[in-house]
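# Need coordinates for the below:
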Amino acid sequence: MAMITIKNESELVEYLEAGSKLPKNWRIGTEYEKFSYRMDDLSPLKYDGDPGIAVILKALCHKFGWEPVEENGNIISLSGKGGSITLEPGGQLELSGEALENLHQTCSEVHTHLHQIKSVARPLGVGFLGMGFTPLWRREEMPWMPKDRYRIMRKYMPRVGNLGLDMMVRTATVQVNLDFSDEADMIKKFRVSLALQPLATALFANSPFSEGKPNGYLSYRSVIWRDTDPARCGMLPFVFEDGMGFERYVDYMLDVPMYFVRRHGHFIDAAGQSFRDFLAGRLPALPGELPTIADWEDHLTTAFPEVRMKRFLEMRGADAGSWNSLCALPAFWVGVLYDRDCLDAAWDLVADWNAGEREQLRAEAPRYGLKTRTPAGTLQDLAERVMNIAETGLKKRARINSAGRDESIYLSNLWEIVKSGETPAEQKLNLYYHDWKNSVRPVFNDFAY
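Here you go, the predicted model:
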């Protein structure tokens with residue numbers, strides 16, 4: 001399938017539509033990024049060296065049976081039964097989990113992963129931290145991973161935004177990937193989840209520090225995305241307009257500038273070029289060639305809106321967080337989106353918002369968190385309503401673990417945040433000004449994985 005040549009736009013639409021699944025086959029996929037660092041001096045972990053990221057990857061292969069994937073002689077990812085482990089540009093280690101049936105499995109998956117990486121990293125003096133933005137390191141201190149894709153992006157980013165390089169090397173997130181049953185279900189899930197991404201940003205806000213000091217925000221990671229590349233980021237107003245569907249999303253993606261094309265294991269620089277031209281055989285990087293399905297799959301990964309569609313929907317609004325928060329994000333979204341009544345109830349809360357109001361929420365949530373004003377109260381008020389919907393959805397799913405408990409147990413951490421109104425970022429700021437005595441360095445001990 002990967003080498004099939006695309007002849008027209010309708011094939012791109014059919015590709016997305018083929019992601020539709022019966023509700024009984026809906027799955028949950030999660031992605032977890034984290035920063036790696038040397039425990040002796042708290043510097044970011046480089047790829048080479050001892051310890052280095054390459055050493056960590058080799059140790060995971062040796063001890064746990066992961067299979068290495070190489071590019072130009074360097075291990076750049078691991079594959080295995082438990083999904084894959086990949087490298088973000090600045091050495092952020094990411095688990096891309098399997099598509100699993102329930103939250104008990106996804107939670108077990110990430111716990112297993114964290115135990116594995118700790119078991120190989122601690123003896124080497126390496127630690128891992130889950131935050132949305134590096135609390136200590138400057139951009140010029142960050143290593144770059146030896147991946148051709150990142151080489152192309154690194155060159156292109158300064159042309160289209162001021163903070164794209166920071167996005168690449170100094171941010172980390174947790175994402176949830178969820179299914180849809182058909183076009184109508186996709187549209188409603190897209191609209192609800194996109195409207196509620198600022199709420200997720202607030203609930204999981206966890207990046208209040210930059211280069212050793214408070215930066216004035218609760219989620220600086222979200223601020224970074226607003227000055228990365230307007231052509232491929234944002235709140236996608238068209239999703240809420242008449243005519244939204246698979247075809248409309250294809251039109252959007254055809255207008256997102258390309259980064260690269262892969263041929264014979266090599267990345268060809270096509271940054272800023274048009275996939276529409278590619279469809280017409282006029283791509284300057286490969287004149288006369290037509291794209292394949294694999295090219296389209298690659299291109300779909302180069303857009304970074306707050307919700308992204310492939311053959312599923314990706315929730316992209318949350319900062320990376322501490323160990324006890326990692327199961328909460330998938331629980332939140334599964335509870336809201338995987339029950340029809342709950343999805344309708346969530347839509348009722350946001351259906352009257354206009355594009356300006358949604359954009360204002362996206363702009364203000366990173367600074368004010370749950371205190372952000374919405375068209376009807378604060379995000380904290382909205383959070384309580386949405387959390388009740390999510391809890392109802394999870395209880396109705398009735399997926400029970402070995403202890404006889406349903407998936408709503410994974411919302412307990414979020415409920416504490418909602419009731420107190422204090423985000424993870426505000427908790428860390430309080431520690432910074434008191435227990436930590438105006439230093440961010442204790443975060444690497446108190447909140448390390």
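# for the chain, what are the low-confidence residue spans?
Low-confidence segments of the chain, defined by pLDDT under 70, span residues 1-2.
# where exactly do the strands run in the stretch 1-150 of the chain?
Assigned by DSSP state E, counting those that start in this stretch, the stretch 1-150 of the chain shows strands spanning 28-38, 67-71, 74-80, 83-87, 93-96, 126-129.
# I'd assumed residue 161 was in contact with residue 153.
No. Using CB atoms under 8 Å, residue 153 makes no contact with residue 161, being 11.6 Å away. C-beta coordinates here come from the backbone N, C-alpha and C atoms, glycine included.
# which residues are common contacts for those two?
Counting by CB atoms under 8 Å, 6 or more residues apart in numbering, residue 153 and residue 161 have no common neighbour.
# thinking again about what came up before, could you save the strands of the stretch 1-150 of the chain as a markdown table and add columns showing distance to residue 296?
Shown next, in a markdown table, are these (distance: least, CB to CB, whole Å):
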| stretch | distance to residue 296 |
| --- | --- |
| strand 28-38 | 20 |
| strand 67-71 | 21 |
| strand 74-80 | 21 |
| strand 83-87 | 20 |
| strand 93-96 | 19 |
| strand 126-129 | 34 |
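# Which parts of the stretch 101-250 of the chain are helices?
Defined through DSSP state H, counting those that start in this stretch, the helices belonging to the stretch 101-250 of the chain, from first to last, are 103-121, 148-156, 164-170, 183-203, 220-225, 246-255.
# Could you identify which of those is most buried?
Across the helices of the stretch 101-250 of the chain, averaging neighbours per residue (mean count of other CB atoms under 10 Å) puts helix 220-225 on top, at a mean of 27.
# what's that one packed up against?
Counting by 3 or more CB pairs under 8 Å, 6 or more residues apart in numbering; DSSP states H and E, the packing neighbours recorded for helix 220-225 are helix 164-170, strand 313-319, helix 355-368.
# Off-centre distance for it?
Remark: helix 220-225 is offset 12 Å from the chain centroid, using CA atoms, centre = their mean, to the nearest Å.
# Next: stretch 260-268.
Taking the mean C-alpha point of stretch 260-268 and that of its whole chain, the gap between them comes to 24 Å (CA atoms, centre = their mean).
# ok, residues contacting that stretch?
Here stretch 260-268 has contacts from 71, 148-149, 151-152, 269-271, 278, 283, 285-286, 291, 294-295, 298, using CB under 8 Å, 6+ apart.
# Take that stretch, keep the C-alpha atoms, and write them as PDB.
What follows is stretch 260-268, C-alpha atoms only, in PDB (Å, rounded to 0.1, in the frame of the first residue of the first chain):
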ATOM      1  CA  PHE A 260      10.200  16.700   3.200                       C
ATOM      2  CA  VAL A 261       9.800  13.700   1.000                       C
ATOM      3  CA  ARG A 262      11.300  10.300   1.800                       C
ATOM      4  CA  ARG A 263      12.900   8.200  -0.900                       C
ATOM      5  CA  HIS A 264      15.000   5.100  -0.500                       C
ATOM      6  CA  GLY A 265      15.500   5.800   3.200                       C
ATOM      7  CA  HIS A 266      16.600   9.400   2.600                       C
ATOM      8  CA  PHE A 267      14.800  12.700   3.400                       C
ATOM      9  CA  ILE A 268      14.600  15.200   0.500                       C
END
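# Distance to residue 435 for the helices and strands packed on helix 220-225 - can I get that in TSV?
What follows is the helices and strands packed on helix 220-225, written out as TSV (distance: least, CB to CB, whole Å):
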stretch	distance to residue 435
helix 164-170	25
strand 313-319	21
helix 355-368	24
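# which of those sits most buried?
The highest mean neighbour count among the helices and strands packed on helix 220-225 belongs to strand 313-319 (a mean of 26), with neighbours defined as mean count of other CB under 10 Å.
# so what secondary structure elements neighbour it?
Contacts of strand 313-319 with other secondary structure elements, assessed using 3+ CB pairs under 8 Å, 6+ apart, are made with strand 173-178, helix 183-203, helix 220-225, strand 307-309, helix 328-337.
# I figured residue 275 hits residue 290, correct?
No. With contacts counted by CB under 8 Å, residue 275 stays clear of residue 290, the gap being 11.2 Å.
# Would you mind listing the buried residues in the host helix or strand of residue 445?
Element membership of residue 445 [criterion: DSSP states H and E] is helix 443-446. Of the residues in helix 443-446, 443-444 count as buried by neighbour count, 16 or more other CB atoms under 10 Å.
# what are the C-alpha coordinates of it, in CSV please?
The C-alpha coordinates for helix 443-446 follow below in CSV (Å, rounded to 0.1, in the frame of the first residue of the first chain):
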residue,chain,number,x,y,z
VAL,A,443,12.1,20.1,40.4
PHE,A,444,14.6,17.5,39.0
ASN,A,445,14.4,15.6,42.3
ASP,A,446,10.9,16.2,43.5
